[in-house]
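[1] Attaching a predicted model along with its sequence, questions to come.
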Amino acid sequence: MATVITEECINCGACEPECPNTAIYEGDVQWEDLDGNLQDPIAEDIYYIAPQKCTECVGFFDQEQCAAVCPVDCCIPDPDNAETEEVLLERAKLIHPDADIPDPPPSRFRS
Ligand code: SF4
Ligand code: SF4
């Protein structure tokens, strides 16, 4: 699953700098895809996560960093976008081709 931000978001901005993949954007702000192209905002009034860039922090942390800092616990696994650890790890490697990701990787699936 990619992580998703629910409508409970209070726009505090705490999550955005914590994401290892710059997958979090303020509402109404365009997001940059993996090819460097700007895409339309996914949410207007609350922060949002670009699923194409979210790895649930697999590869870098054993817990979703957005969820760890969110004061209202509104960063949750997206029940409509289930993904395996393998898929998420491949995405992490795609986003960070030069990163030295340990094997086994830090992962919420192993914590
Ligand atoms: Fe970023 Fe991790 Fe949150 Fe996904 S779960 S948006 S990778 S901080
Ligand atoms: Fe919204 Fe939580 Fe991010 Fe704050 S930390 S902007 S409340 S999702």
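    Right, received. Where do you want to start? Ligands and ions are numbered 1, 2, ... in the order given.
[2] Can you tell me which residues in this structure are near ligand 1?
    Among all residues of the chain, those adjacent to ligand 1 (criterion: C-beta under 6 Å from any ligand atom) are 3, 18-21, 23-24, 49, 54-57, 64-66, 75. Using the backbone N, CA and C atoms, a C-beta is placed for each residue, glycine as well.
[3] This structure: helices as residue ranges?
    For the chain, helices defined by DSSP state H occupy the ranges 65-69, 85-95.
[4] Which among these is found nearest to ligand 2?
    Each of these was scored for nearness to ligand 2 using C-beta to the nearest ligand atom, and the closest is helix 65-69 (5.7 Å).
[5] tell me what that closest one is packed against?
    In this structure, helix 65-69 packs against strand 3-5, strand 75-77, with contacts taken as 3 or more C-beta pairs under 8 Å, 6 or more residues apart in numbering; DSSP states H and E.
[6] ok so, going back, dump the helices of the chain to a markdown table, plus mean neighbour count and mean pLDDT.
    Supplementary listing: the helices of the chain in a markdown table, determined by neighbours: other C-beta atoms under 10 Å; pLDDT from 0 to 100:
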| stretch | mean neighbour count | mean pLDDT |
| --- | --- | --- |
| helix 65-69 | 18 | 98 |
| helix 85-95 | 17 | 97 |
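[7] Any chance of JSON lines for these, columns distance to P105?
    Formatted as JSON lines, the entries for these read as follows, by distance: least, C-beta to C-beta, whole Å:
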{"stretch": "helix 65-69", "distance to P105": "15"}
{"stretch": "helix 85-95", "distance to P105": "6"}
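[8] quick check, nearest of the residues of the chain next to ligand 1 to ligand 2?
    For the residues of the chain next to ligand 1, with ligand 2 as the reference and C-beta to the nearest ligand atom as the criterion, the closest is C75, at 5.3 Å.
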